[in-house]
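**Student:** I would like the atomic coordinates for the input below:
(chains A and B)
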There are 2 protein chains.
Amino acid sequence: MGTKIFLERSRCSRTRARTGCLFTRHGVIKTPVFMPVGTQASVKALTPGELVSLGAQVILGNTYHLYLRPGHELIGRLGGLHRFMNWHRPILTDSGGFQVYSLAPFRRIEEEGATFRSHVDGSTHLLTPELAMEIQEALGSDIMMALDTCIPYPSTQKETEEATDLTTRWAKRCLAARTRPELLLFGIVQGGMFKDLRIRHTEELLDLNFDGYALGGLSVGEPKEMLFEIIDYCRPLIPPEFPCYVMGVGTPEDLVECVGLGIDMFDCVMPTRNARNGMLFTSFGHIVIKNARFASDERPVDPECNCYTCRNYSRAYLRHLFMARELLSYRLNTIHNLHYYLKLMSDIRKAIEKDEFLRFKRDFYSKRDNEGSNNVQ
Amino acid sequence: MGTKIFLERSRCSRTRARTGCLFTRHGVIKTPVFMPVGTQASVKALTPGELVSLGAQVILGNTYHLYLRPGHELIGRLGGLHRFMNWHRPILTDSGGFQVYSLAPFRRIEEEGATFRSHVDGSTHLLTPELAMEIQEALGSDIMMALDTCIPYPSTQKETEEATDLTTRWAKRCLAARTRPELLLFGIVQGGMFKDLRIRHTEELLDLNFDGYALGGLSVGEPKEMLFEIIDYCRPLIPPEFPCYVMGVGTPEDLVECVGLGIDMFDCVMPTRNARNGMLFTSFGHIVIKNARFASDERPVDPECNCYTCRNYSRAYLRHLFMARELLSYRLNTIHNLHYYLKLMSDIRKAIEKDEFLRFKRDFYSKRDNEGSNNVQ
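**Tutor:** Residues are numbered from 1 along each chain as shown, chains lettered A, B, ... in the order given. Sure thing, here's the model as predicted:
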């Protein structure tokens, strides 16, 4: 496998930004790509048809959640996650490691795996590398992630080294446990904020010959500058024939910055979760729809936006739906925010192909500076 | 006005079932019709486009809710309820009287109007017949309802007579306060379970010359047989040139029975509210989707159903969404239930037009008897 699944298409002459094609058994993904999060076999509030209309190329499913409910064996018996949720484009699944770290009310990491208590019903489970592969193969994920260990920021070099070494041993067990080679498998580079550990771990994982690589152990509380610094340092360690994914990133600004650092793939709950909290992204910053100044505002959320929500509804109506806790509020806001994120990535791809990424980036920031969210009329 | 807005098209030769056309400024409504409830300027979880796909001809908006939030003046300034919520077919609004009766934590009925405390913020309001008209005209409702008084079941003849007489005086004030004759106005017949009061009140309201009539004061706790008995008794008192509406009814069986008694219009929260509670209507009865026997059931909710939900999703997936409290659950269930109700009414209209209503009714009940919900595999 390895080098054959990704094809670089164009490259910015002044940054590391690039476009490419990632080949999966459910179709080709144009990168850089943002993957909406569909935690529990659903991108919250939307149908697959709407996701396609919005231009979603691939969505992320959460191994931890689907293992606990409804169970990977059930989904496997019913023909896999694509059929279960009626989504026929690619799916990437995480390994469950990060959710054990962030959601489970109790966890213990040992050589064998991660023992944790379910946030759903309190039952105890042992997530091993072998189980992580079994779950993802039962789901029929197009891109599986190797089980890694997560540690908080800050951690000592010793703690980080131990977790990184364990991640390598688990990575080998994931590869050994894999039975469906047509499902891609990505390794996750750890090493915390320590550059020497990052180098060593990248080399160890490259030797194992995964189909692609993610930079893990980021967005765990470190300062934003440190995130960019680690990505800037680590990205060139991975050869260009591999797709490179940063997990759990981020704001629109984060995406623009990380594309410039050479990242190909992103996922984040921000557009969907913030939509449900009434925070809407626009070309001039974000707006908080419950703000009283929108009560009788007849304009769409973003006059430059062409999404279903902006074509059909006023800020006044969206504010009303939000204040009244109407279900349609979550849906219309999610459509708008995902449209914003997916259009942003599409615009980024076009800019890179014309070698105008830096001009795109300048325009992106200048709109925000001129009409920041505090200045929205 | 009066007699010109409704045209009878066909009539069953053996029951009082009939089809007709009700003309409004947002288009013609084919009767018998079921109106989905869009309480707070939204039929919960659905877009107007979905409602149109489902065949909804007219929806109901709640005067009480929209007056309290976001306020009728705001909606009026923004161009009316149709524009606010992006629904361009007819809207019927109730008068607010029933919600004051059923929702407000405190209320006092006096000659002037109904004083009540808001269930949203506890503020005190006085709903008069004049205000009920002002609100509905500001919303731009196609079919407005006169403010009536509601009393519980059982009530004495004296209590019922007093409430009925007050409803007549309020009906006159509604007609006097009306400024937009292009918006239809229906009167509401009260009289509780007392036939002599029903006769007298129907005559009083007919003298006032409303555009249509509703049978009110029903579905307030009386036995089901009494509901049908009162409708059977009262319906012929209203001349056939008027559309006749029974408010807040009902189950699929109720609709079939009431159509046979000559009723033209219905509304009820049952299909939408029950959808959100996981109760799904089918041709063979209803199913409760959270039931464990559906956990790995690959079949659609109703194999005979052609709705978006049944064409694309298994009972197993719908059960998973419901158990996981996913927002898509409310939406897919609502689509299915409204499709069921609207298709039922469409089938009823076709049957009446072919003078096969009684055969339709026999088939409707025999499917339920043969494959009742307890027998769903």
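**Student:** What does the pLDDT read for the residue in the stretch 251-377 of chain A that chain B sits nearest to?
**Tutor:** Of all residues in the stretch 251-377 of chain A, residue A:327 sits closest to chain B, at 4.0 Å by CB to the nearest CB. C-beta: built from backbone N, CA, C; applies to glycine. You'll see residue A:327 listed with a pLDDT of 98.
**Student:** OK, contacts around it?
**Tutor:** A:45, B:42, B:44-45, B:327, B:330-331 (CB atoms under 8 Å, 6 or more residues apart in numbering or on different chains).
**Student:** got the angle for the helix or strand hosting residue A:333 vs helix B:327-353?
**Tutor:** Assessed by DSSP states H and E, residue A:333 sits inside helix A:327-353. For helix A:327-353 against helix B:327-353, the angle by axes from the mean of the first three to the mean of the last three CA atoms, to 10 degrees is 120 degrees.
**Student:** now for the next helix or strand after helix A:327-353, which elements pack on it?
**Tutor:** Per DSSP H and E, the first helix or strand lying C-terminal to helix A:327-353 is helix A:357-370. Helices and strands touching helix A:357-370, by 3 or more CB pairs under 8 Å, 6 or more residues apart in numbering or on different chains; DSSP states H and E, are helix A:252-260, helix A:327-353.
**Student:** repeat that with 10 Å
**Tutor:** The elements that helix A:357-370 packs onto, with contact taken as 3 or more CB pairs under 10 Å, 6 or more residues apart in numbering or on different chains; DSSP states H and E, are helix A:252-260, strand A:285-288, helix A:327-353.
**Student:** who wins for proximity to residue B:280 among the ones you listed?
**Tutor:** helix A:327-353 (17.1 Å; CB to CB).
**Student:** how far is that closest one from where the chain is centred?
**Tutor:** Computed by CA atoms, centre = their mean, to the nearest Å, the separation of helix A:327-353 from the middle of its chain amounts to 14 Å.
**Student:** neighbour-wise, which of the contacts of residue A:327 leads?
**Tutor:** In terms of neighbour count, residue B:331 stands highest of the contacts of residue A:327 at 28 neighbours, by other CB atoms under 10 Å in any protein chain shown.
**Student:** need the contact list for that residue.
**Tutor:** By CB atoms under 10 Å, 6 or more residues apart in numbering or on different chains, the contact set of residue B:331 is A:42, A:45-47, A:327-328, A:330-331, B:44-47, B:50, B:275-276, B:308-309, B:321.
**Student:** ok, and the closest non-adjacent residue to the most centrally placed residue in chain A?
**Tutor:** For chain A, residue A:267 is the residue whose C-alpha lies nearest the centre (CA atoms, centre = their mean; 1.2 Å). Excluding the flanking residues, the one nearest residue A:267 by CB to CB, 6 or more residues apart in numbering or on different chains is residue A:35, at 4.1 Å.
**Student:** My read is that that neighbour contacts residue A:245, right?
**Tutor:** Yes: Residue A:35 lies in contact with residue A:245 (CB atoms under 10 Å); the separation is 8.9 Å.
**Student:** May I have the worst-scoring helix or strand of chain A on mean pLDDT exported as PDB, CA atoms only?
**Tutor:** Ranked by mean pLDDT, DSSP states H and E, the helix or strand of chain A with the weakest confidence is helix A:97-102, at a mean of 90. Extracted in PDB, the C-alpha atoms of helix A:97-102 (Å, rounded to 0.1, in the frame of the first residue of the first chain):
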ATOM      1  CA  GLY A  97      -7.900   6.700  21.700                       C
ATOM      2  CA  PHE A  98      -8.700  10.400  22.000                       C
ATOM      3  CA  GLN A  99     -12.300   9.800  23.200                       C
ATOM      4  CA  VAL A 100     -11.100   7.500  25.900                       C
ATOM      5  CA  TYR A 101      -8.800  10.300  26.900                       C
ATOM      6  CA  SER A 102     -11.300  13.100  26.700                       C
END
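**Student:** Could you give me the buried positions within the next helix or strand after that helix?
**Tutor:** With elements assigned by DSSP H and E, the helix or strand that comes after helix A:97-102 is strand A:106-109. By neighbour count on 16 or more other CB atoms under 10 Å in any protein chain shown, the buried set for strand A:106-109 is A:107, A:109.
**Student:** Show me the shaky parts of the stretch 251-377 of chain A.
**Tutor:** Low-confidence segments of the stretch 251-377 of chain A (pLDDT under 70): A:370-377.
**Student:** I figured residue A:83 was touching residue A:48, is that so?
**Tutor:** No: using CB under 10 Å, residue A:83 is not in contact with residue A:48, being 11.3 Å away.
**Student:** Compare the two (neighbour count), which wins?
**Tutor:** residue A:48 (20 against 15).
**Student:** The more buried one and chain B: what is the separation?
**Tutor:** Remark: distance between residue A:48 and chain B (CB to the nearest CB, to the nearest Å) = 8 Å.
**Student:** what about residue A:72, distance to chain B?
**Tutor:** Distance from residue A:72 to chain B, by CB to the nearest CB: 12 Å.
**Student:** likewise residue A:121?
**Tutor:** The gap separating residue A:121 from chain B is 11 Å, by CB to the nearest CB.
**Student:** That residue - how many residues pack around it?
**Tutor:** Taking other CB under 10 Å as the definition, residue A:121 ends up with a neighbour count of 8.
**Student:** got the contact list for the closest residue to it other than its chain neighbours?
**Tutor:** In space, residue A:121 comes closest to residue A:68 once its chain neighbours are excluded; the distance is 7.9 Å by CB to CB, 6+ apart. Residues in contact with residue A:68 (CB under 10 Å, 6+ apart) are A:40, A:62, A:96, A:99, A:103-104, A:116, A:118-121, A:123, A:125, B:324.
**Student:** Please state the offset of stretch A:70-90 from the chain centre?
**Tutor:** 20 Å.
**Student:** measure that stretch end to end?
**Tutor:** Distance between the two ends of stretch A:70-90: 21 Å, counting by CA to CA, to the nearest Å.
**Student:** Ok, stretch A:95-106 next?
**Tutor:** End to end - CA to CA - stretch A:95-106 spans 18 Å.
**Student:** and what of stretch A:258-268?
**Tutor:** Note: stretch A:258-268 ends 13 Å apart using CA to CA.
**Student:** Stretch A:120-130 now?
**Tutor:** With CA to CA as the measure, stretch A:120-130 spans 23 Å from end to end.
**Student:** so for that stretch, what's the average pLDDT?
**Tutor:** Mean predicted confidence for stretch A:120-130 is 96.
**Student:** residues from the stretch 201-350 of chain A in reach of chain B?
**Tutor:** Residues of the stretch 201-350 of chain A found near chain B (CB under 10 Å from any CB of the partner chain) are A:276, A:295-298, A:308-309, A:311-314, A:316-317, A:319-321, A:323-332, A:334-335.
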